[in-house]
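Visitor: Build me a model:
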Amino acid sequence: LAFCRGRVVRVPKGPLIRVVGTEVVIPCSVSDYDGPSEQNFDWEFSRDTDFVRIVSTWDSTFTSEEYQKRVGHGDIKLIRSSNDAVELVIRNIQPTDQGRYKCSTPSTDATVQGNYDAEVQVKAISDGLSVSGSKARSSMSLRLSEGDSFKLRCSAITISPEHTHLHVTWQIKSGSTWWDILSLTHEGKFQPGPGYEERYRNGDIRLDTGANDTYQLSVSQASSVDGGAYRCLVSEWVRGADSSWQKIQEKSVDIASVAIQQTDVVISTSNVSVTERDSLDLTCNITTDRSGIFQAELMWYFSVSPDDTLSDAQVLLSMDRNSVVSDSTLISLSHIDRNSYRLLVRDVDVEDSGYYFCQAAVWVPLHNGSWHKVVERTSAPVSVVVTALEPDYEVFLNASKTPKFSDDPTELNCRITNAQDTEANIRFTVSWYYRQRLRSDDVVTEELLATMDADWTLLLGDRSRERTQNGEIIFSKKAVDTFSLRIQWTSESDRGDYFCVISAWSRHRNNSWVKSKDVPSASVSIFWATQDYTLTVEAVKLKPFFVAGHTFEMTCKVSSKNIKTPRYSVLITAEKPLTDQSNPNGTTRIISLNQDSVVRLEDWTDQTRVDGVVLEKVQENEFRYRMYQTQISDAGLYRCVVTAWSPGGGGMWREAVNGLSNPIQIDFQMSGPVFNASVHSDNPTIYQGELADLLCIVTTEGMALEPDDMSFDVSWFAVRSFALDREPILLASLDRKGIVTQSRRNGSSDLSLERISPLEFRLRVHGCEDHDFGNHYCVVTPWVRSATGVWQREPDIKAKPIFLSVKMDVLNAFKYPLLIGIGLATVIGLLSCLIGYCSSRWCCKKEVQETRRERRRLMSMEMD
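Guide: Below is the predicted model of the structure:
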């Protein structure tokens, strides 16, 4: 292939058939050449044997004398399409231009290889194509109505000596551009233009061939887009030597100018405003210039929005082309004249406000007696506003009963006055509102107390719901024009401004009620002067000196002002020292007595002294508190918290004011022994699985006691951290009766707690694990028996924690894995030696024959 490579000059295969008077374009290209990328071309022409030079791309003197005039005028020229291709263009080809055309390329190759010229035959034939319209050369004018049909004809014939095909295209002019409608191609295929595909498939546009070489365009259901100038464009095609189709000429003729008169549907009136209960009158006009027989089909629509489609709109009435109207009670449709239709809506209401539009379709008769719908149009929506008939009335609010003191009744009456235009279709309801009075200028929104809907159903607001259900607030309708609000027992929270709103409701045709008007009343103020409640509580200790084990007793005396027939509830509280572990907050609620003299234990948790506290009512304003068998842990400040209650409505009690007494202190002189606690361990660092011993040792200072006169509650705690920054965990506890309680554990280790002497308690951790590490300490609660035989609880004692460290025994942990590994390695090594020995001994043995060497004497160097 490399040796065969050379320059190739190409021209189209001939002959090239062209019509006299048209333009011929002959391309020429070169490939597989050496030298510069831009190549030069020479064109020559021959009718017989000799070639005449026509034109060249690089030599301006190349043109022969007989072609200089045509080349100078531009009738013959060269157009370079690329560096290696040109086109020879001959305008207005004549019979004398028929012959052979040769394209040559000057050599730029290093060696001569390939072809440097190519020839093509051009044949000029006479013009045998004739195109005409139905009326010789002049085009006709058609004026049609929308939906009509029309037909246009043109004639095209060719007498060309060659075998040519015709391509017929019907076009319409829009502006200055011609658009294809439908074509019959030179290959015998129908091809609709852009935008006409759907109409062609539906059969609304057809192209038929007839006698005398006529081509007829048939258009059905003409619309506004079909108006314009029509022409028939015919082109003549011939098949070339390479079997491709070539267009050799093209002619057109103007056929007709078509004007389409549109059919329009409008409503005679624009925006309409009518009053409720009146009639709505709308007229739909069909504008058309159709003079023949036609019938209209009409349909009226209603929609809330002007943007709604026909599927979203409501159909009011319809009339078919036979003038049959659908049935309706309040809506009628009448035919005024040939093109006008009247819609009448009687007794309109507010719900009829919206947008109305009509849709009309025009039907024309066909030759077979059937009817055909030629056009359908929808009018623009017309806005209709129905103004409601609002009744005219005033609202007056007055207070028939006003409270002068708390818990007095309040009654307000809301009355409708000066009512006009209130017919049977009007109904009144009421809404009650409350507005709190503030001394500042702050804006306070009103709160809804209750409202009525159209069927007089009462809907309660959040402020009055509970009290209305309890009967404290009553809403009623005393008369046709009077509504009432009654508060049975008015409280201070009810003071403020009240007003009512009367709503008028109108009944529509479907018996539904729609609110048409709201009229508020002036506000009425409910207020009475009050004095602040005062409450004084005094606590007195009846026995100034007592010791532990005796009874503590104090009284609370109460005095109040500006409270009508008060009752009191009393709560006894104690403020313990902050060192008390049982109540870190410092304040304990002990016992209470309510306004009905019902006693209740609050936070008293000492089960051994359930009956050890008593609270009783001595007089109406005096209460006494007793605590029997007091203990050291009862030390603290004791107070009386008193709440004054006044009678409210419905037998209920209402809280008036709270009071706090002066504190009464219980303080014991510590003359007994002082207890201390410490934690000890002989070995605080242990290994996993070993036993850990922790001793909690209690020591005493001061007065010596017999072992039988003291007892201890011991609790062990652990903090699983080095810095005591976590919550302590209860491990086990031993009460003074010897009962051991253990907490739930997650690991496999176990605990045991025992008393090994009167002052020593031992905690053992069996089978320690790594999670048993941490700070361990004990909390001791001493109990001392007094001379009277009563056990007294002393303050809790917390020992200093000791850190227990749990280590892992590395030797024991790795002993068995090491022994197993060494044993397995030894066995595998011996087995490997045995296998190797057996393989070398029996399996892979070879007999090696020793090569025999010849024995020769050494030769002397001279002989060598």
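Visitor: Correct me if wrong, but Gly821 is in a helix.
Guide: Yes - when DSSP: H, G, I helix; E, B strand; the rest coil is applied, Gly821 is found to be in a helix.
Visitor: per-domain residue ranges of this structure.
Guide: The record's domain parsing of the chain by the TED database lists 7-125, 129-261, 265-387, 394-526, 534-666, 674-809.
Visitor: Contacts for stretch 255-265, please.
Guide: 133-134, 139-147, 150, 152-154, 222-224, 226-232, 284-290, 358-360, 362, 375, 377-379 (Cβ atoms under 8 Å, 6 or more residues apart in numbering). Quick note: C-beta positions are derived from backbone N, CA and C, even for glycine.
Visitor: coming back round to it: pipe the domains of the chain into CSV and attach distance to Gly829 and mean neighbour count per row.
Guide: Listed next are those as CSV, based on distance: least, Cβ to Cβ, whole Å; neighbours: other Cβ atoms under 10 Å:
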stretch, distance to Gly829, mean neighbour count
domain 7-125, 79, 16
domain 129-261, 89, 16
domain 265-387, 93, 16
domain 394-526, 91, 16
domain 534-666, 68, 16
domain 674-809, 30, 16
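Visitor: Quick one, which of the ones you listed gets closest to Leu830.
Guide: Minimum separation from Leu830 across the domains of the chain (Cβ to Cβ) falls at domain 674-809, 32.2 Å.
Visitor: just the strands in the stretch 101-250 of the chain please.
Guide: Taking DSSP state E, counting those that start in this stretch, the strands of the stretch 101-250 of the chain run over residues 117-125, 129-133, 140-145, 150-158, 164-174, 177-184, 190-192, 205-210, 214-219, 228-239, 245-261.
Visitor: same check, this time on the stretch 751-864 of the chain
Guide: Using DSSP E, counting those that start in this stretch, the strands of the stretch 751-864 of the chain run over 760-766, 774-785, 791-793, 797-798, 802-807.
Visitor: Can you name the residues in contact with the fourth one?
Guide: Strand 797-798 is contacted from outside by Phe675, Asn676, Ala677, Val698, Tyr777, Cys778, Val779, Val780, Thr781, Pro782, using Cβ under 8 Å, 6+ apart.
Visitor: Quick check: closest non-adjacent residue to the last one.
Guide: This points to Pro782. Counting by Cβ to Cβ, 6 or more residues apart in numbering, Pro782 lies nearest to Glu794, which is 4.0 Å off, once chain neighbours are set aside.
Visitor: who wins for proximity to Phe499 among the strands of the stretch 751-864 of the chain?
Guide: Of all the strands of the stretch 751-864 of the chain, it is strand 791-793 that lies closest to Phe499, at 65.5 Å by Cβ to Cβ.
Visitor: The closest one: partners in the sheet, and parallel or antiparallel?
Guide: Paired neighbours of strand 791-793 in the sheet (DSSP bridges): strand 774-785 (antiparallel).
Visitor: Quick one: mean pLDDT over the strand it pairs with.
Guide: Mean pLDDT, computed over strand 774-785, is 89.
Visitor: Taking strand 760-766 as reference, get the angle to it.
Guide: 150 degrees (axes from the mean of the first three to the mean of the last three Cα atoms, to 10 degrees).
Visitor: quick one, what contacts Gln221?
Guide: Going by Cβ under 8 Å, 6+ apart, Gln221 touches Gly147, Ser149, Arg199, Asp204, Val374.
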